[in-house]
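next one to model:
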Amino acid sequence: MDAHSRGRADEIDPADQWVLNPRTGNYELRLDRSAGQSAPVSRPRGVTPPGPRTPDRTRGGERRPGAADAPPVPGQRRRRVAEGHGGDGPPAGRRKRRPAKSRKKKALMWTGGVTAFVVVAGAVGAYALYEHFNGNIKTIDVPSASGGFKKGQAFNILLIGTDKRTGSGNAGYGDKNSPGHADTTILFHVSADRTNATAMSIPRDLKTDIPDCETRTAEGTKVIPGDQDVRFNTSLGQAGRDPGCTMKTVQELTGLTVDHFMMADFNAVKEMTTAVGGVKVCLKKPVKDKDSHLNLPAGESTVAGEQALAFVRTRHSFGNESDLDRIKVQQQFLSSMIRQMKSDETLTSPTKLYGLAEAATNALTVDTGIGSISKLSDLAKELTPIDPKNITFATLPVVDNPAEKIKATVVPHPEKAEQLFALMKSDTSLTEVKKKEQDAKNAKANAQAALLQGPRAETAKVRVDVYNGSGIQGAAQNTINWLQNEQGVSRSTNKSNAPEKAALTTLTYAPNQADQARKLADLMGLPATALKPGTADAGPMEPMTLILGADFKGAGVPITGPAKVPDIDKVEADKKVCAA
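Just a heads-up that it's a prediction; the model follows:
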């Protein structure tokens, strides 16, 4: 195993961070080699710390009898002792270099932390820790899961948060004595070229059909009958259904193949937020929820543990108290957690990374296709190239269930849901779609603006018929008076009312009248968007057509807005702002 895979890209051997504390006789994790013996970081019982350096000296250099004879730990390798130095550290003159930025850092960002431990395992590269974390992972053999990931092919992972009451302090959440539901479900689609991803949330109260599904138990394979027109969250736990049933339900709902699943419980939120030092959230108003016990002031707060779980579980304090509004809150929370997890403060802290890895692996259940650290490491490598700005959170488009008088459930939106599924099937990034839409708008705006570029006709040669679609009485005649008497447009005619009211003022003209149109736009202050060029040239005596719309405020009053934004209070969408 080379130095890089052992985490030594920054010239710090991870083995050096585990030392024997002479006061306790236990191996402890030293976070700063220059700071002496640090506060101990607990390690798994029975796990020998990975590759410790030979513990033959105390901090002051005094030799401990017998320490040099400590037997080597299987699977470890000793560091080479530099010439002229003992075995307990690097040469005194060696400078500790700043840790190089690792591409593996990005692996933390995509699944909300479920692969965080991959970074630890890859960085430490130690047999004992590898086996320890590997042993934490729980697996379920589901028939529909695939074997891994293929280069050049898109794949989908179903992220499931179950509301099963497991773990200390979770009795107040979820349904009592329930085996758990698919309470929070996200279909995570990774593009074939690994440039983007879409995370689609599926509402738990979505009414759908659950197909027959196979489950594998110690007694053999069992087929669990499906249900029609039931809540989506019953696809897990109920009637003995396992995550494979949820995978199959999503597959039939969306038409997308679901390759793998990752499932976490309440403890995942509590322990992982604690491990990273808390997650920042922002509220427009103070919340004191009697059901979830969430108690936060308005503005920004940092939540961890019980408060973090309460935040993502609360539904009666946000929006219209529906699951859809809770999904929005959860997506905001996940986005914030991603930012926290990829911060240097987390990624360069062995304590936080170890705690995050321990929390993630303890809370994680996956299919056997990705049920080991090596396979999850492969997953992390597939996710590494994706830029966070190209990851889009979305919610499956829904409408209220038309079959209900009291609206308690939802059904897929008949058009929008299929459009989203089609985009994901075609491996089209939502960020790319948005960019293309914006590019198209920009191109149209640029083309429209170009209409004002070019020569202007003389005022006396401008011919125009004016129609009143503004709803303002006498607007057409007032405009004619202003054009003829003050601007010298003598060839202008009042054509009375337009056939119908118009929202916007428009000027329609032939290609060979473009110079006249530009001159009239200058005189009246018409925006480029008001110009509507035709395709056929007009005769020498044929006038243009001006229809005054609701944006017309009076003759001589420009329709175009001010060229510069006035100095006013404003909120920019890409800035995180909390309402007062």
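
ends of stretch 197-214, how far apart?
End-to-end distance for stretch 197-214, by Cα to Cα, to the nearest Å: 29 Å.

mind listing the strands for the stretch 251-400 of the chain?
Remark: strands assigned in the stretch 251-400 of the chain by DSSP state E, counting those that start in this stretch are 260-264, 279-283, 287-288, 295-296, 299-303, 364-367, 391-395, 398-400.

what's the angle from the fifth one to strand 279-283?
An angle of 150 degrees separates the directions of strand 299-303 and strand 279-283 when computed by axes from the mean of the first three to the mean of the last three Cα atoms, to 10 degrees.

and strand 299-303, what's buried?
301, 303 (16 or more other Cβ atoms under 10 Å). Every C-beta, even on glycine, is put in place using the N, C-alpha and C of the backbone.

output the contacting helices and strands for it.
Using 3 or more Cβ pairs under 8 Å, 6 or more residues apart in numbering; DSSP states H and E, the elements in contact with strand 299-303 are strand 279-283.

repeat that for the last one.
Judged by 3+ Cβ pairs under 8 Å, 6+ apart, the packing partners of strand 398-400 are strand 410-412.

CA atoms only for the helix or strand that the strand it packs on is followed by, dumped as PDB, please.
Counting by DSSP states H and E, the next helix or strand C-terminal to strand 410-412 is helix 416-425. Extracted C-alpha coordinates of helix 416-425, given in PDB (Å, rounded to 0.1, in the frame of the first residue of the first chain):
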ATOM      1  CA  LYS A 416     -44.900  18.000 -14.500                       C
ATOM      2  CA  ALA A 417     -44.100  14.600 -12.800                       C
ATOM      3  CA  GLU A 418     -43.700  12.900 -16.100                       C
ATOM      4  CA  GLN A 419     -41.500  15.700 -17.400                       C
ATOM      5  CA  LEU A 420     -39.200  15.400 -14.400                       C
ATOM      6  CA  PHE A 421     -39.000  11.600 -14.900                       C
ATOM      7  CA  ALA A 422     -38.200  12.100 -18.600                       C
ATOM      8  CA  LEU A 423     -35.400  14.500 -17.800                       C
ATOM      9  CA  MET A 424     -33.800  12.000 -15.400                       C
ATOM     10  CA  LYS A 425     -34.300   9.100 -17.800                       C
END
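
buried ones in helix 416-425?
Within helix 416-425, the residues scored as buried using 16+ other Cβ under 10 Å are 417, 420-421, 423-424.

which residues are in contact with that helix?
Defining contact as Cβ atoms under 8 Å, 6 or more residues apart in numbering, one finds that helix 416-425 is touched by 187, 189, 198, 200, 254-256, 394, 396-398, 412, 430, 433.

model confidence over that helix, on average?
Helix 416-425 shows a mean pLDDT of 88.

picking up where we left off before, out of the strands of the stretch 251-400 of the chain, deepest packed?
strand 260-264 (a mean of 26; mean count of other Cβ atoms under 10 Å).

residue 515: which of the buried residues of helix 416-425 is nearest?
For the buried residues of helix 416-425, the minimum distance to residue 515 (Cβ to Cβ) is 44.4 Å, reached by residue 423.

helix or strand right after the helix-or-strand element of the chain with minimal mean pLDDT?
Here the helix or strand of the chain ranked lowest by mean pLDDT, DSSP states H and E is helix 116-124, holding a mean of 40. Next helix or strand after helix 116-124 toward the C-terminus (DSSP H and E): helix 127-136.

C-terminal to that following helix, what's the next element?
Taking DSSP H and E, what comes next after helix 127-136 is strand 138-140.

about what we covered before: can you flag the buried ones in the contacts of helix 416-425?
In the contacts of helix 416-425, the ones that pass as buried (16+ other Cβ under 10 Å) are 187, 189, 198, 200, 254, 256, 394, 396-398, 412, 430.

could I get those residues as JSON lines with distance to residue 526 and pLDDT?
As requested, those are exported to JSON lines (distance: Cβ to Cβ, whole Å; pLDDT from 0 to 100):
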{"residue": "187", "distance to residue 526": "48", "pLDDT": "94"}
{"residue": "189", "distance to residue 526": "46", "pLDDT": "93"}
{"residue": "198", "distance to residue 526": "42", "pLDDT": "88"}
{"residue": "200", "distance to residue 526": "44", "pLDDT": "91"}
{"residue": "254", "distance to residue 526": "47", "pLDDT": "95"}
{"residue": "256", "distance to residue 526": "48", "pLDDT": "93"}
{"residue": "394", "distance to residue 526": "39", "pLDDT": "86"}
{"residue": "396", "distance to residue 526": "43", "pLDDT": "92"}
{"residue": "397", "distance to residue 526": "38", "pLDDT": "91"}
{"residue": "398", "distance to residue 526": "43", "pLDDT": "92"}
{"residue": "412", "distance to residue 526": "44", "pLDDT": "94"}
{"residue": "430", "distance to residue 526": "36", "pLDDT": "82"}
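
need the max-distance pair from these.
189 and 398 (18.5 Å).

hmm, back to that, can I get the contacts of helix 416-425 in CSV including distance to residue 324?
Below are those laid out as CSV (distance: Cβ to Cβ, whole Å):
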residue, distance to residue 324
187, 16
189, 21
198, 18
200, 13
254, 18
255, 23
256, 21
394, 12
396, 10
397, 11
398, 7
412, 13
430, 18
433, 22
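
for residue 489, state which of the buried residues of helix 416-425 is nearest.
The closest of the buried residues of helix 416-425, once distances to residue 489 are taken by Cβ to Cβ, is residue 423, at 50.4 Å.

quick check: bridge partners of the closest residue to residue 311 other than its chain neighbours?
The shortest distance from residue 311 to any non-neighbouring residue, by Cβ to Cβ, 6 or more residues apart in numbering, is to residue 303 (5.3 Å). Residue 303 has these beta-bridge partners by DSSP bridges: residue 279.
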